[in-house]
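Chemist: everything below, folded, please.
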Amino acid sequence: MAVKIRLKRMGKIRTPFYRIVVADSRKKRDGRVIEEIGTYNPKTEPSTIHVDSERAQYWLGVGAQPTEAVAAILKLTGDIGGKPSLKQPEPKADKAAIFDAALKDLHAEPKKSATTAKKKDKADEQPAAEEPKAEEAPAEESTADEAPAEDAKADEA
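Modeler: Down below sits the predicted model:
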């Protein structure tokens, strides 16, 4: 039985994801496999590769032949040829730490006062300026002015 180490395609259209598998060379590409020994995701930056080195070394030792693509991957991981030259992606920031930092900024004291005055402050100032004018004028005169006008309207009717 001829055994190959090859890629089994998974994922969606235009979003390939591969499993590195050991399979009989007479089986279909995505058919029945003997063992899965790793994964390969070419769409991430840099590409994500995980290989169980112990199992890969075992299968290479018993005569399994890697395909060209798998041989290139195994060279990157160091399973064929020597030292690994695989780039590791940058670790992602902890979401909890980012959330806590944003929460602290939200609840922190404001550093500056507001740049524009509040509308309520302007409304409070205007009536205060008008009130002294109303107090200066006697209230009786305003009613006296209204009374003759009412008498004149009554005479005309």
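Chemist: helix, strand, or coil at residue 75?
Modeler: Look at residue 75: counting by DSSP: H, G, I helix; E, B strand; the rest coil, its state is helix.
Chemist: against residue 30, how distant is residue 18?
Modeler: 10 Å (Cβ to Cβ, to the nearest Å). Just so you know, the C-beta spots here come from the backbone N, C-alpha and C atoms, and that holds for glycine as well.
Chemist: between those two, which one's more packed in?
Modeler: residue 18 (20 against 13; other Cβ atoms under 10 Å).
Chemist: ok so, going back, need the overlap of contacts for residue 18 and residue 30.
Modeler: Common neighbours of residue 18 and residue 30 (criterion: Cβ atoms under 8 Å, 6 or more residues apart in numbering): 8, 9.
Chemist: need the contact list for residue 15.
Modeler: With Cβ under 8 Å, 6+ apart, residue 15 has these contacts: residue 43.
Chemist: helix/strand/coil for residue 21?
Modeler: strand.
Chemist: can you get me a residue count around the nearest residue to it once chain neighbours are set aside?
Modeler: Using Cβ to Cβ, 6 or more residues apart in numbering and skipping the chain neighbours, the partner closest in space to residue 21 is residue 33 (4.2 Å). By other Cβ under 10 Å, 15 other residues sit near residue 33.
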